[in-house]
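Colleague: Model the structure of this input:
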Amino acid sequence: MVSCTSSLLVSGRPGYTLPGEVRAKPRRTGCLVSATPGTLHPVESRTAFELTLPAHADAITCVRHLLEGLEGRWDVTREQLDDIQIATIEACTNVVIHAYRDREPGLLEVHGGVDDGHPTIAVRDHGTGIVPRTDSPGLGVGLPLMGALTDDLHIGVAPDGAHEVRMRFPRRPT
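Modeller: Numbers count the residues shown, from 1 in each chain. A predicted model of the protein is given here:
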């Protein structure tokens, strides 16, 4: 089972169990950790994280709690954190619904950090990428919404072949 048991990941709310392969527990204090099926790796920065989970709907809950745990770690307002959560959850939902259609679900990766004061999130998968669907269960508002909430939205293929949605959010207002 993959579990968001780390108080660093879920802001003090242990016990969220998701379908998966490993029970994730923190191995270090003072940093966020990376929960990868089969392994856990510390991320040395207090502002960076890496999370890899099976691309199931229940993984969205873990991602949401991880993002909630960033309050106080990233220099963002509550409104900015809400925008980051909305855009990231939308990107993750797209992976769950669309990336592994007609095949066994693969992995959902979420990477986050702060670059020159800008919060950044990358949502990655090794599925089919963005393909037009006439039978899409979605409303078609996800990508425009992500674009509206970010300073920069890049959708493409990473050097390792993963499909990636990279979002750069505005700096905290001064």
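Colleague: For the rest of this, base every contact and every neighbour count on C-alpha atoms.
Modeller: Will do.
Colleague: Helices of this structure, residue ranges please.
Modeller: 7-10, 59-68, 78-94, 142-149 (DSSP state H).
Colleague: for the protein, what are the low-confidence residue spans?
Modeller: Residue ranges of the chain with pLDDT under 70: 1-46, 131-139.
Colleague: Let's see that with 50 instead.
Modeller: The chain contains residues with pLDDT under 50 at 1-42.
Colleague: Let me know which of the helices of the chain is the nearest to Thr174.
Modeller: helix 78-94 (13.1 Å; C-alpha to C-alpha).
Colleague: I'd like the helices of the chain written out as CSV, with distance to Arg124 and mean neighbour count added.
Modeller: Formatted as CSV, those follow (distance: least, C-alpha to C-alpha, whole Å; neighbours: other C-alpha atoms under 10 Å):
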stretch, distance to Arg124, mean neighbour count
helix 7-10, 19, 23
helix 59-68, 13, 20
helix 78-94, 8, 20
helix 142-149, 15, 16
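Colleague: how about these in TSV, adding distance to Thr52?
Modeller: Output for the helices of the chain, formatted as TSV (distance: least, C-alpha to C-alpha, whole Å):
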stretch	distance to Thr52
helix 7-10	13
helix 59-68	9
helix 78-94	11
helix 142-149	21
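Colleague: out of the ones you listed, which comes closest to Val157?
Modeller: helix 78-94 (14.7 Å).
Colleague: The closest one vs helix 59-68, what angle?
Modeller: 160 degrees (axes from the mean of the first three to the mean of the last three C-alpha atoms, to 10 degrees).
Colleague: Residues touching helix 78-94, excluding its own?
Modeller: For helix 78-94, contacts defined as C-alpha atoms under 8 Å, 6 or more residues apart in numbering pick out 57, 60, 63-64, 67-68, 71, 108, 121, 123, 142, 145-146, 149, 165, 169, 172.
Colleague: Now do that helix against helix 142-149: the angle between them, please.
Modeller: Using the same axes, to 10 degrees: helix 78-94 against helix 142-149 is 160 degrees.
Colleague: Can I get helix 78-94 in CSV? Just the C-alpha atoms.
Modeller: What follows is helix 78-94, C-alpha atoms only, in CSV (Å, rounded to 0.1, in the frame of the first residue of the first chain):
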residue,chain,number,x,y,z
ARG,A,78,-3.4,31.2,1.1
GLU,A,79,-5.0,32.3,-2.2
GLN,A,80,-1.9,31.4,-4.1
LEU,A,81,-1.7,28.0,-2.5
ASP,A,82,-5.4,27.4,-3.4
ASP,A,83,-4.5,28.2,-7.1
ILE,A,84,-1.5,25.9,-6.9
GLN,A,85,-3.7,23.1,-5.5
ILE,A,86,-6.5,23.6,-8.1
ALA,A,87,-4.1,23.6,-11.1
THR,A,88,-2.1,20.6,-9.8
ILE,A,89,-5.1,18.5,-8.9
GLU,A,90,-6.5,19.3,-12.4
ALA,A,91,-3.3,18.1,-14.0
CYS,A,92,-3.2,15.0,-11.8
THR,A,93,-6.8,14.2,-12.6
ASN,A,94,-6.0,14.4,-16.3
